[in-house]
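Visitor: compute the structure for the input listed below.
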Amino acid sequence: MSTILEIQSLRKVFEEKTVVNELSFKVNKGEILGFLGPNGAGKSTTISMITTILDADGGKVLFEGREVDTNDNNFKKALGYVPQDIALFNDLTAYDNVKFFGALYGLKGSCLNNRVKETLELVGLYDRKSDYPDSFSGGMKRRLNIACSIVHKPKILIMDEPTVGIDPQSRNNILEVTKSLRDEGTTVIYTSHYMEEVEAICTRLIILDSGKIVESGDKEEIKTKYKHKGLNNLEEIFLYITGKELRD
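Guide: As a prediction, this is how the structure comes out:
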């Protein structure tokens, strides 16, 4: 499987504390990579550096073999990012929210309108296209947030805790959408505090603690590796490796 994204010796220091410590890993094209760790492990900081929101203090991010920097518009157009915090315009309809973000990525005319329709249908919100986010449930807002992040058909999609505090129907929709995006060729980096989601959709895992990788590999191989210790699921394995619960 070919590498689409490579992280080389990434490092970040805040107030003399190293929160990401010489982090290196590869992301394979067309996979859903579970990027896990307890609170404070360095996940969000790493994601911020990958997306160029935050400057690294050392190391490189390579996309399709080329080093990425803050002015790399080709990388930014190839990237979709679903942040933990919902980022929507409450004075725009659902349709116009998605259209706004599509236009930012350079989509125009009938291509833009078609993609807005397709994306809203994918997340199950096309029948609410004329409604405003204020009238949506938390789960619907998160689904709309995802639509805004995928309208341009990104090659890589980073989903940072996309299902926090939502209803089961919206959670199931988001998991199905994520798998369908993978099936269409999008590479996904997925962070979650819900191990059942990771179990359902991720093929490979990276577990972070204190800014370092403490375990990584194929999901099933990791489960087999720890089975002889009497650990029967990913939740138990995570606790054994980090000494911490996935959810506080």
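
Visitor: quick one: low-confidence ranges for this protein?
Guide: In the predicted model of the chain, residues 247-248 satisfy pLDDT under 70.

Visitor: in the protein, which spans are strands?
Guide: Along the chain, counting by DSSP state E, strands occupy 3-14, 17-28, 32-36, 58-63, 66-67, 79-82, 156-160, 187-191, 204-209, 212-218.

Visitor: next, format these as JSON lines and append mean neighbour count and distance to Asn232.
Guide: From N, CA and C alone the C-beta is placed, and that goes for glycine too. Shown next, in JSON lines, are the strands of the chain (neighbours: other CB atoms under 10 Å; distance: least, CB to CB, whole Å):
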{"stretch": "strand 3-14", "mean neighbour count": "17", "distance to Asn232": "31"}
{"stretch": "strand 17-28", "mean neighbour count": "17", "distance to Asn232": "26"}
{"stretch": "strand 32-36", "mean neighbour count": "24", "distance to Asn232": "18"}
{"stretch": "strand 58-63", "mean neighbour count": "17", "distance to Asn232": "36"}
{"stretch": "strand 66-67", "mean neighbour count": "12", "distance to Asn232": "42"}
{"stretch": "strand 79-82", "mean neighbour count": "22", "distance to Asn232": "31"}
{"stretch": "strand 156-160", "mean neighbour count": "23", "distance to Asn232": "27"}
{"stretch": "strand 187-191", "mean neighbour count": "24", "distance to Asn232": "23"}
{"stretch": "strand 204-209", "mean neighbour count": "22", "distance to Asn232": "16"}
{"stretch": "strand 212-218", "mean neighbour count": "15", "distance to Asn232": "16"}
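
Visitor: so which of those strands comes closest to Arg142?
Guide: Closest to Arg142 of the strands of the chain, according to CB to CB: strand 79-82, at 8.2 Å.

Visitor: partner strands of the closest one, parallel or antiparallel?
Guide: According to DSSP bridges, strand 79-82 forms sheet pairs with strand 156-160 (parallel).

Visitor: what sits up against the strand it pairs with?
Guide: Contact partners of strand 156-160, identified using CB atoms under 8 Å, 6 or more residues apart in numbering, comprise 4-5, 27, 43-44, 47, 50-51, 63, 78-84, 146, 149-150, 178, 181, 186-191.

Visitor: what segments of the chain are helices?
Guide: 43-50, 73-78, 94-104, 109-122, 138-150, 168-183, 195-201, 219-227, 234-242 (DSSP state H).

Visitor: can you redo the ones you listed as TSV with distance to Ser130 and mean neighbour count?
Guide: Below are the helices of the chain laid out as TSV (distance: least, CB to CB, whole Å; neighbours: other CB atoms under 10 Å):
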stretch	distance to Ser130	mean neighbour count
helix 43-50	33	22
helix 73-78	28	16
helix 94-104	7	21
helix 109-122	11	16
helix 138-150	13	23
helix 168-183	20	17
helix 195-201	31	17
helix 219-227	41	14
helix 234-242	41	18
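
Visitor: which ones are touching Ile86?
Guide: Ile86 makes contact with Lys141, Arg142, Asn145, according to CB under 8 Å, 6+ apart.

Visitor: next one: Gly106
Guide: Gly106 neighbours (CB under 8 Å, 6+ apart): Lys77, His152.

Visitor: ok, Asn90 next?
Guide: Tyr132, Pro133, Asp134.

Visitor: now the strands of the chain in a markdown table, with distance to Tyr240?
Guide: Formatted as a markdown table, those follow (distance: least, CB to CB, whole Å):
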| stretch | distance to Tyr240 |
| --- | --- |
| strand 3-14 | 25 |
| strand 17-28 | 21 |
| strand 32-36 | 13 |
| strand 58-63 | 29 |
| strand 66-67 | 36 |
| strand 79-82 | 29 |
| strand 156-160 | 25 |
| strand 187-191 | 20 |
| strand 204-209 | 11 |
| strand 212-218 | 10 |
